[in-house]
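Trainee: Got a sequence here, can you model it:
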Amino acid sequence: MLNDMKPLNPCDVALLNGPNLNLLGTREPEVYGADTLKSIEAKMMAKANAAGLKLESRQTNFEGELVSLIQQMKSAGTTFLIINAAAYTHTSIAIRDAIAAVDVPFIEVHLSNIYKREQFRHHSYLSERAEAVICGFGAMGYDVALDYVIGKLRGSL
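Mentor: Numbers count the residues shown, from 1 in each chain. Model prediction:
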C-alpha cells in the first residue's frame, strides 16, 4: 500500500476518513470544528464497544488506499460503513465504484454543510448509493451515523 497502511481488521463497522481529516482540530476550525480525528475515533470506538460492535477506523490521504480499504470490507466481515471521503466525495468515481462493488450499506458524513460552501462541493459521487447523508453537524455527525448503524444492526430501525 502507498502509505504502509495496515489492512482492515475484521469488524462490524468500518469508519473511513479521507484526505486532510488527519488535520482536524487545527485545520480551519471555523469550518471543521475543534475536535481532532483521534478524539472522534475514540468516542466512536467507545460507543461501538458499548453496543457490542467492533469498529475499525482508518484515515488516508491517498485515493487508492481508500479504495483498497473499501474492497477489504467483505473479507473483514464488515456489515456497515461510515465514510467521510472528504474532497474525494466530489471527485472520485473510483471510490463510488468500490462501494458499489462490495455492496455494503453506508452513511456519508461531512463535518461542514457542503451545500453552504463552494459550488463544486455540492455534488457527491457517493450520495445516491448512501443510506443517509449527514452534513453540517460537525463531529456530532459521526455520532448520529453510528446511532443509526447501531439501530439498523439491532433491527430497531
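Trainee: List phi and psi for the most centrally placed residue in the chain.
Mentor: By Cα atoms, centre = their mean, the chain has its centre lying nearest to Ile83, at 1.7 Å. With angles defined as degrees, to the nearest 10, Ile83 shows backbone torsions of phi -130, psi 130.
Trainee: got a pLDDT number for it?
Mentor: pLDDT for Ile83: 98.
Trainee: Could you verify my assumption that it touches Val13?
Mentor: No - using Cβ atoms under 8 Å, Ile83 is not in contact with Val13; the gap is 10.9 Å. To be clear about C-beta, it is placed using only N, CA and C from the backbone, and glycine gets the same treatment.
Trainee: Return the residues in contact with Val104.
Mentor: Taking Cβ atoms under 8 Å, 6 or more residues apart in numbering, we find Val104 in contact with Ala14, Met73, Lys74, Thr78, Thr79, Phe80, Leu81.
Trainee: coming back round to it: please identify the helix or strand for the nearest residue to the residue nearest to the centre of the chain once chain neighbours are set aside.
Mentor: Using Cβ to Cβ, 6 or more residues apart in numbering and skipping the chain neighbours, the partner closest in space to Ile83 is Leu16 (4.7 Å). Assigned by DSSP states H and E, Leu16 falls within strand 13-17.
Trainee: chain center to that strand, what's the gap?
Mentor: Centroid separation between strand 13-17 and its chain, computed with Cα atoms, centre = their mean, to the nearest Å, is 5 Å.
Trainee: Over to stretch 5-12?
Mentor: Using Cα atoms, centre = their mean, the offset of stretch 5-12 from its chain centre is 14 Å.
Trainee: Stretch 140-147 now?
Mentor: 10 Å.
Trainee: what's that stretch in contact with?
Mentor: Identification of contacts with stretch 140-147 by Cβ under 8 Å, 6+ apart yields 13, 15, 40, 43-44, 47-48, 55, 82, 84, 107, 109-111, 132, 134-135, 137.
Trainee: Distance of Ala130 relative to Glu56?
Mentor: 19 Å (Cβ to Cβ, to the nearest Å).
Trainee: Settle it for me: which of the two has more neighbours?
Mentor: Glu56 (22 against 17; other Cβ atoms under 10 Å).
Trainee: Which residue, other than its chain neighbours, is closest to the more buried one?
Mentor: Using Cβ to Cβ, 6+ apart, the nearest residue to Glu56 is Cys11, at 3.9 Å.
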